[in-house]
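1. Pasting the sequence and the predicted coordinates here, then a few questions.
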Amino acid sequence: MRNLTLRQLRILSAVTKTGSMAGAARQLHVTPPAITVQMQQLEEAAGLPLIERLGEGTTPTSAGEVLLKAAHRIEALLAECDQEIAQLKGIEGGRVTAGVVSTAKYFAPKALAAFRQKHPGVDLRLSVRNREETIATLRDLAVDVAIMGRPPENLDLESVVLGDHPHIIIAAGDHPLAGIPITIPGLAGETFFIREPGSGTRMLMESLFQEVGFTPNVGMEIGSNETIKQAVIAGLGIAFISAHTVAVELADRRLTELRVAGLPVVRKWHAVRLREKAVMPAGEAMWRFLASEGHHYLPVHTSRLGTAF
């Protein structure tokens, strides 16, 4: 049955509807012999008779009924497909999937919500993962656009800068080093909570510490910024972290930004998309929105050292 065609199923439907081969030929604008050949091939594929004569007309056999039900389902699915394709030709009714690295979840949902307000008919999907996992979704064509820090160099991407992304070292609000200028090596006696391997924050921290020859005393690897924040607030250690993940805690002084020389380290937030990914109207609208308005949703960070970002 795998070799049967949609044309053959439509011929079977026409034969049963009109009651004859000749009627089907007139309906489909082909010759009666062509109808006969296609019906013979369809019955050979089924291995059973599909129609039987009843008086001057024809009626489907039990096997014919099974195929007719399948034909009707296929036609219904094709009709739905036509409708969905028509919707995809416009922005509203389209679908767009946005990938967001976990550190960006503190601002990206606000930007996506603003896009959704402008285009309420778009089916918007959100995927929040760490850096390595987000890169994998890009490579696998699973997302239309991703928000991340440094774009990977091994993928052919289109990229646009959203804005500055400062990184700082945080401690509990009452930490003894709060407000005291210090160098990175001066943190040798502190316990660090760090992100898991594959995290962009972890990679940036390791690069920074390697430059100054500093090996941190690692208390624990934690795959969640929220858990790291709570551990630091509890006074269990300090952490190198994106300033955009701790804006609220810095404002209410549950956390403090240590005055470490050379910090904050400022990188950039980017929106990226794979060039080979087919661009649908909804995805293109999302891309244009992030490129033009994405920066409005970045948290404002004012360094303890007096520099505003």
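-> Arrived safely, thanks for sending.
2. and the gap between the closest residue to Ile222 other than its chain neighbours and Phe107?
-> In space, and not counting its chain neighbours, Ile222 is closest to Ile228: 5.1 Å by C-beta to C-beta, 6 or more residues apart in numbering. (C-beta placed from N, C-alpha, C; glycine too.) Distance of Ile228 to Phe107, computed by C-beta to C-beta, to the nearest Å: 18 Å.
3. what do you get for Leu187?
-> Taking C-beta to C-beta, one finds Leu187 at 28 Å from Phe107.
4. Just the strands from this structure, written as ranges.
-> Taking DSSP state E, the strands of the chain run over residues 51-54, 57-60, 95-101, 123-129, 145-148, 157-172, 191-194, 217-221, 239-242, 255-257, 265-274.
5. by contact count, what packs against the fifth one?
-> In terms of contacts (3 or more C-beta pairs under 8 Å, 6 or more residues apart in numbering; DSSP states H and E), strand 145-148 is packed against strand 95-101, helix 131-139, strand 265-274, helix 281-293.
6. what's the distance between the third one and the middle of its chain?
-> Relative to its chain's centre, strand 265-274 lies at 16 Å (C-alpha atoms, centre = their mean, to the nearest Å).
7. buried sites along it?
-> Neighbour-count burial for strand 265-274, with 16 or more other C-beta atoms under 10 Å as criterion, is recorded at Val265, Arg267, Trp269, His270, Ala271, Val272, Arg273, Leu274.
8. relative orientation of that strand and helix 281-293 in degrees?
-> Compare the direction of strand 265-274 with that of helix 281-293 by axes from the mean of the first three to the mean of the last three C-alpha atoms, to 10 degrees and you get 160 degrees.
9. Over to the shortest one?
-> Following the same axes, to 10 degrees, one obtains 40 degrees for the angle between strand 95-101 and helix 281-293.
10. contacts for strand 95-101?
-> If you take C-beta atoms under 8 Å, 6 or more residues apart in numbering as the criterion, strand 95-101 is touched by 88, 108-109, 112, 122-131, 134, 137-138, 142-149, 200, 280, 282-283, 285-286.
11. Return the list of strands paired to it, each annotated with direction.
-> With DSSP bridges as the test, strand 95-101 is paired with strand 123-129 (parallel), strand 145-148 (parallel).
12. And for the closest residue in space to Arg125 that isn't next to it in sequence, the neighbour number?
-> Closest residue to Arg125 apart from its sequence neighbours, by C-beta to C-beta, 6+ apart: Thr97 at 4.1 Å. Thr97 has 19 neighbouring residues, counting by other C-beta atoms under 10 Å.
13. related to what we said a few turns ago, can I get the strands of the chain in CSV with mean pLDDT and distance to Met205?
-> Formatted as CSV, the strands of the chain follow (pLDDT from 0 to 100; distance: least, C-beta to C-beta, whole Å):
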stretch, mean pLDDT, distance to Met205
strand 51-54, 86, 74
strand 57-60, 87, 71
strand 95-101, 93, 15
strand 123-129, 93, 19
strand 145-148, 97, 16
strand 157-172, 97, 8
strand 191-194, 98, 7
strand 217-221, 95, 11
strand 239-242, 97, 4
strand 255-257, 96, 15
strand 265-274, 96, 9
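14. so which of those comes closest to Gln40?
-> Across these, Gln40 has its closest neighbour in strand 51-54 (11.3 Å, C-beta to C-beta).
15. what's the domain layout of the protein?
-> Domain assignment for the chain by automatic domain parsing gives 6-88, 95-162+268-297, 166-266.
16. on that earlier part again, show me which of the contacts of strand 95-101 are buried.
-> Buried subset of the contacts of strand 95-101 (neighbour count, 16+ other C-beta under 10 Å): 108-109, 112, 122, 124, 128-131, 134, 137-138, 143-149, 200, 280, 282-283, 285-286.
17. May I ask you to name the longest helix in this structure?
-> If you go by DSSP state H, the chain has its longest helix at helix 62-88.
18. And that one, how far out from the chain middle?
-> 30 Å.
19. And for stretch 246-254?
-> Stretch 246-254 sits 30 Å away from the centroid of its parent chain (C-alpha atoms, centre = their mean).
20. measure that stretch end to end?
-> 10 Å (C-alpha to C-alpha, to the nearest Å).
21. now do stretch 213-231
-> With C-alpha to C-alpha as the measure, stretch 213-231 spans 26 Å from end to end.
22. What's opposite Thr59 in the beta bridge?
-> Going by DSSP bridges, Thr59 forms beta bridges with Glu52.
23. Can you report how many residues lie near it?
-> Thr59 has 13 neighbours, counted by other C-beta under 10 Å.
24. list the contacts for it?
-> By C-beta under 8 Å, 6+ apart, the neighbours of Thr59 are Thr16, Ile51, Glu52.
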